[in-house]
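Chemist: just the structure for this:
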Amino acid sequence: MPPGVLLPPAIQQFFDSNGKPLDGGSIAWYLAGTSTPSPAYADSGLVTPLANPVPLSNPGGRAPAMWLDGALAYKEVLLDGAGSTIWTADNLTSGQSVPTVTVAASGNVFNVAVPTAPVVGVQFTNTAASTSVTGFVGGQPGQLLVLRAVPTAQVLLYPNNSNSAPGDMLANFVGTIATPLYGGAAIYQRGAAGQGWNLISHEQGAPVAWTPTYTLGGATPVGMTYGTQLGHYVLRGRQVFLGLRLTLSAKGTSTGTLQLAGLPVNDVAPGSESGLIAHYAGGWVGLGTGGITGYVSGLVVQLVVWTSTGIVPMGDGNLTAGSDLIATVQTLAA
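Modeler: Residues are numbered from 1 along each chain as shown. Okay, here's the model as predicted:
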């Protein structure tokens with residue numbers, strides 16, 4: 001729920017038609033243009049609703065401090081002590097009202113309809129499976145969409161996806177994977193007619209799981225099994241930060257060059273600035289003087305060791321049945 005807005009001035013005094021304090025009167029609150037009650041609140045967090053109508057003091061005709069929902073428009077009705085209407089004021093807003101669309105569905109939502117306004121809020125309240133979004137329908141050029149995902153479920157924002165018309169598609173910082181929101185938020189802006197929505201800011205929230213694996217000679221190792229196989233990543237713009245732990249329970253029978261595989265995104269410049277830092281390596285053979293390191297190449301990390309004669313690619317001979325690796329990988333997505 002958006003923050004409340006204090007109705008200025010904080011304490012108001014009301015009068016009857018003769019200009020006398022409205023002792024024992026009250027104020028009724030409704031949604032604008034309706035007879036649907038919508039209470040004022042006693043606190044800025046909008047946790048404690050006041051009685052509706054709100055009673056005025058007797059004597060004095062004074063109202064308590066009243067907080068309103070800044071996302072709503074209201075109708076205010078002043079009543080005398082007998083409940084008769086003295087005046088009505090309709091379509092009252094805080095001046096900070098933002099139209100908000102709530103998406104509660106899980107699974108494939110694809111095209112979310114949004115109203116036309118300078119700024120629109122979209123709140124995802126799915127609590128189970130991931131919600132997949134590929135575009136927003138509606139809006140106007142230059143319009144901002146402020147997206148928020150509740151902490152209990154993931155929302156995946158897929159770029160350049162054909163489930164949306166070209167003019168409604170998302171254009172993200174990384175065009176090859178979805179931008180995840182997991183209790184996070186993002187801002188999109190509508191481009192010119194037919195240009196879709198451009199991601200201009202995002203805060204992912206919780207890390208997203210991924211599954212690291214090893215390959216030997218570029219293939220899945222025969223007979224290799226894992227005791228621990230854990231990974232997570234966080235996306236910041238085009239920077240991808242990955243954490244992992246891999247512990248072997250059996251090394252298998254395959255031979256060849258050893259690579260860490262399963263990265264969620266291709267590196268923009270293979271073999272250059274992106275790489276792996278090992279924080280712990282136990283149960284390995286022939287690590288040399290510098291331990292394990294590696295450089296990112298596409299969707300894999302080429303693992304290497306430092307020796308007295310230079311860098312040497314790792315292979316099956318470095319592995320044992322208990323090889324354990326805790327490491328982080330940083331890469332710049334293509």
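Chemist: any weak-confidence spans in the chain?
Modeler: Across the chain, residues meeting the criterion (pLDDT under 70) sit at 1-10, 71, 93-97, 269-273.
Chemist: now do the domain split for it, please.
Modeler: Here the domain assignment for the chain is 1-96, 100-206, 209-332, based on automatic domain parsing.
Chemist: what residues sit buried inside stretch 202-214?
Modeler: Going by neighbour count (16 or more other Cβ atoms under 10 Å), the buried part of stretch 202-214 is 202, 204-208, 210, 212-214. Every C-beta, even on glycine, is put in place using the N, C-alpha and C of the backbone.
Chemist: distance to Pro180 and secondary structure added to those, as TSV?
Modeler: Converted to TSV, the buried residues of stretch 202-214 look like this (distance: Cβ to Cβ, whole Å; DSSP: H, G, I helix; E, B strand; the rest coil):
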residue	distance to Pro180	secondary structure
His202	9	strand
Gln204	6	strand
Gly205	8	strand
Ala206	9	coil
Pro207	9	coil
Val208	5	strand
Trp210	11	coil
Pro212	18	coil
Thr213	21	strand
Tyr214	25	strand
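Chemist: with respect to Pro39, which of the residues you listed is nearest?
Modeler: When these are compared for distance to Pro39 (Cβ to Cβ), Gly205 comes out closest, at 31.5 Å.
Chemist: what's the distance between the closest one and Gln154?
Modeler: Going from Gly205 to Gln154 by Cβ to Cβ, to the nearest Å gives 9 Å.
Chemist: over to Gly227?
Modeler: Relative to Gln154, Gly227 is positioned 27 Å away (Cβ to Cβ).
Chemist: ok, the two, which is more surrounded?
Modeler: Between Gly227 and Gln154, counted using other Cβ atoms under 10 Å, Gln154 has the larger neighbour count: 25 against 13.
Chemist: the more buried one contacts Pro180, doesn't it?
Modeler: Yes: Gln154 is within contact range of Pro180, at 5.9 Å (criterion: Cβ atoms under 8 Å).
Chemist: shared neighbours, those two?
Modeler: Val208 (Cβ atoms under 8 Å, 6 or more residues apart in numbering).
Chemist: residues near the nearest residue to Leu299 once chain neighbours are set aside, how many?
Modeler: Take Leu299 and drop its neighbours on the chain: the residue closest to it by Cβ to Cβ, 6 or more residues apart in numbering is Leu263, 4.7 Å away. Leu263 sits with 24 neighbouring residues when counted by other Cβ under 10 Å.
Chemist: who touches Leu263 in this structure?
Modeler: In this structure, Leu263 makes contact with 210, 240, 242, 296, 298-301, 329, 331, judged by Cβ under 8 Å, 6+ apart.
Chemist: again, 7 Å this time
Modeler: With contact taken as Cβ atoms under 7 Å, 6 or more residues apart in numbering, Leu263 is in contact with 242, 299-300, 331.
Chemist: between those, which has the most around it?
Modeler: The residue in the contacts of Leu263 with the most neighbours, by other Cβ under 10 Å, is Thr331 (27 neighbours).
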